[in-house]
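Engineer: Sequence and predicted structure below; questions after.
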Amino acid sequence: MFVFDQHAGGTDGIPVEFFGHPAGTFRSLAIIALSTGATGDPAASWREAGGRLVLRFETALPVIECENVDEAIRRNTRPTTPPLERLVLRHPEQWFWVHRRWKGAD
C-alpha cells in the first residue's frame, strides 16, 4: 500500500498537478510497475453514517511502456493523482491532511 498525498521532494518525487497545483509526487509506484509489470490499483476507505466502513477500488492503472526510463517513470506517475483527487472529493471531511503537500517543485 502506498499513501499518495504526501510531499515527495528531491529525487524521490516528480511534480504532478494535484488539485490544480504542482506537487512533488512519489515515483516509487511507477518504478515498481515498470520493474514488475504490475498495475496500480487505487483504493480508499471511509466511514459512513452508523460506523459502516467502505472500501472502494478504482480502475487499475495500466503500465505505460516507454523506451526512455525517466519518461516512463513520469508517464506512470501522473495517472496516480486523479484517482486520489476523486477519492478526496468524495469525502473531504475524512481526508486527514497534516502536512504541506504543495511545497513547490523542488
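Structural biologist: Now that the structure is in, tell me what you want to look at.

Engineer: what's the distance between Glu71 and Leu89?
Structural biologist: Taking CB to CB, to the nearest Å as the measure, Glu71 falls 29 Å from Leu89. Every residue, glycine included, has its C-beta placed from N, CA and C.

Engineer: what do you get for Ile32?
Structural biologist: Ile32 is 26 Å from Leu89, by CB to CB.

Engineer: ditto for Val54
Structural biologist: Distance from Val54 to Leu89, by CB to CB: 15 Å.

Engineer: now swap in Arg101 and tell me
Structural biologist: 15 Å.

Engineer: So for the two, which residue has more residues nearby?
Structural biologist: Arg101 (14 against 10; other CB atoms under 10 Å).

Engineer: can you count the residues close to Gln94?
Structural biologist: So Gln94, with other CB under 10 Å, has 12 neighbours.

Engineer: residues contacting it?
Structural biologist: Gln94 makes contact with Trp46, Arg47 under the criterion CB atoms under 8 Å, 6 or more residues apart in numbering.
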